[in-house]
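Enquirer: need a 3D model of the sequence below.
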Amino acid sequence: MEILPALLIMFMALILEGFFSGSEMGVVSADRLKLRQDAAKGSRGAKLALRMLEKPEWLLSTTLVGTNISVVTNTTVATALMIDLFGPDYRWLAIVLVAPLIWIFGEVVPKSIFQQKANEITPQVIFVLRFFSLVFYPILLVFSLLTRLLTKLVGERKSNIFTLREQIISMSHLSEPGGEVDPMQGQMIRRMFRFSETPALQVVVPLIDVIGVDKSATCGDAVHIAAKSAHRNLVVFDGRIDLIVGMVHSLELLGVEPDCALESFIRPVRYVGGTKNVQSLLRELRKTDEGLAVVVDEYGTARGIVTAEDIMEEVVFDMQDEFDRDKGFTPKVQELGEQDYLVSGRIELGQLEDRLGILIRKGPYQTLAGYLLEKSHEVPPGGTVIESHGIKYQITKRTNTVIEEVRITW
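Expert: Residues are numbered from 1 along each chain as shown. This is a model prediction of the structure:
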């Protein structure tokens, strides 16, 4: 084999390998939001990149095939050249000479460059990748069919690894001091995406905190309770608070004779399971202008109620709804000092993680009070300190049945 043509082929193969491996890194690292902005401004490269990223397996298969063809070509030509120059016994020289070149100039250097300049390079190289995807079409088609077959066999759902959702969640974690995202905004972003996965039972107002009126009461009784509790809507129960039969709007009772029967003003109430998605529940409550929904368990027993304010509090957790004000409860965490906080027992574990970074293992509980009850198997006396993983939880306020306030230090 002629030395000059062989070296030229090896050089071209090395360039192509660097291009394919670097392009793969560049496309993966490119900012999708930046690409969308450029596409909106008319960038053809950005538009093509976004279109090809909709099928990432096809794009990555293109770079994989191109890289492998380049490596095989380089190694084969180098081996043939060594055999021609020094004989079959020296074919190992091809590996010794080519391997460092492939690793340094075909992988490390181009990937580093393309990653650093991903946003600028991707709209340019995407046209070349598009060309090679057409050239490699028969091979890519086989790869695609094999991938789908294997996916069906293992039963995994098809997903796009370049989802905007995952990217935004990842960006929200850049909320450390000096980061690009404000900590409070980062928390809110993460809660917004968890919002679509939150069950109604997680935002329920327990029956112990629900103010209602018996269906046998008069309109005057209902107005008095509504005024005293500052509730806009009242649940109506039949004898017991867990037997909710409907609701009344307190404004409809204004100007009505105090002695009139309440039953004629009772509106039907929506009953939902505890696993119902709060996103769809909020949509239904807004569509029908219903003030609240009753959450029931598998046996049909009411577990509590959910209002639109409770659901929105999942995202903006500093909001206070009418049920919170009645009990003087606020989901805010009060800072007493360095690593010293006073929190409500009803704070959800997700909020606790967002606000204080305290991660509590999952279990049959959703609030801090539930976790402490699980640890102690009773409602601990006031002043009791429960320690777990270096964190001290001191019961500062409680009733016979509920842990209301906890002091957390570490």
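Enquirer: what segments of the stretch 1-150 of the chain are helices?
Expert: Here the stretch 1-150 of the chain has its helices, by DSSP state H, counting those that start in this stretch, at 3-29, 32-40, 44-53, 56-86, 92-103, 109-116, 118-135, 137-154.
Enquirer: export those to CSV and tack on mean pLDDT, distance to residue 338 and mean neighbour count?
Expert: In this view, the C-beta of every residue, glycine as well, is placed from N, C-alpha and C. Shown next, in CSV, are the helices of the stretch 1-150 of the chain (pLDDT from 0 to 100; distance: least, C-beta to C-beta, whole Å; neighbours: other C-beta atoms under 10 Å):
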stretch, mean pLDDT, distance to residue 338, mean neighbour count
helix 3-29, 89, 39, 19
helix 32-40, 81, 37, 16
helix 44-53, 88, 46, 18
helix 56-86, 87, 46, 18
helix 92-103, 86, 49, 15
helix 109-116, 89, 39, 17
helix 118-135, 90, 41, 17
helix 137-154, 78, 50, 12
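Enquirer: kindly reformat those as TSV containing distance to residue 343.
Expert: Supplementary listing: those in TSV, determined by distance: least, C-beta to C-beta, whole Å:
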stretch	distance to residue 343
helix 3-29	40
helix 32-40	35
helix 44-53	43
helix 56-86	43
helix 92-103	53
helix 109-116	42
helix 118-135	42
helix 137-154	44
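Enquirer: nearest to residue 222, out of these?
Expert: Nearest of the helices of the stretch 1-150 of the chain to residue 222, taken as C-beta to C-beta: helix 32-40 at 51.8 Å.
Enquirer: please work out how many residues are found near residue 273.
Expert: Applying the criterion other C-beta atoms under 10 Å, we find 14 residues in the vicinity of residue 273.
Enquirer: dump the residue contacts of the closest residue to it other than its chain neighbours.
Expert: The shortest distance from residue 273 to any residue that is not its chain neighbour, by C-beta to C-beta, 6 or more residues apart in numbering, is 6.6 Å, and that residue is residue 296. Shown here is residue 296, whose contacts under the criterion C-beta atoms under 8 Å, 6 or more residues apart in numbering are 271-274, 302-303.
Enquirer: closest one of those to residue 203?
Expert: Here the nearest of the contacts of residue 296 to residue 203, counting by C-beta to C-beta, is residue 274; it sits at 10.4 Å.
Enquirer: give the contact list for the residue nearest to that closest one when sequence neighbours are not counted.
Expert: Nearest residue to residue 274 in three dimensions, chain neighbours excluded: residue 201, at 3.4 Å (C-beta to C-beta, 6+ apart). Taking C-beta under 8 Å, 6+ apart as the definition of contact, the neighbours of residue 201 are 274-275, 295, 303, 366.
Enquirer: ok so residue 201 is a helix residue?
Expert: Yes - membership of residue 201 in a helix is supported by DSSP: H, G, I helix; E, B strand; the rest coil.
Enquirer: make 479 the starting number, not 1.
Expert: In the new count, where the first residue is 479, that last one comes out as residue 679.
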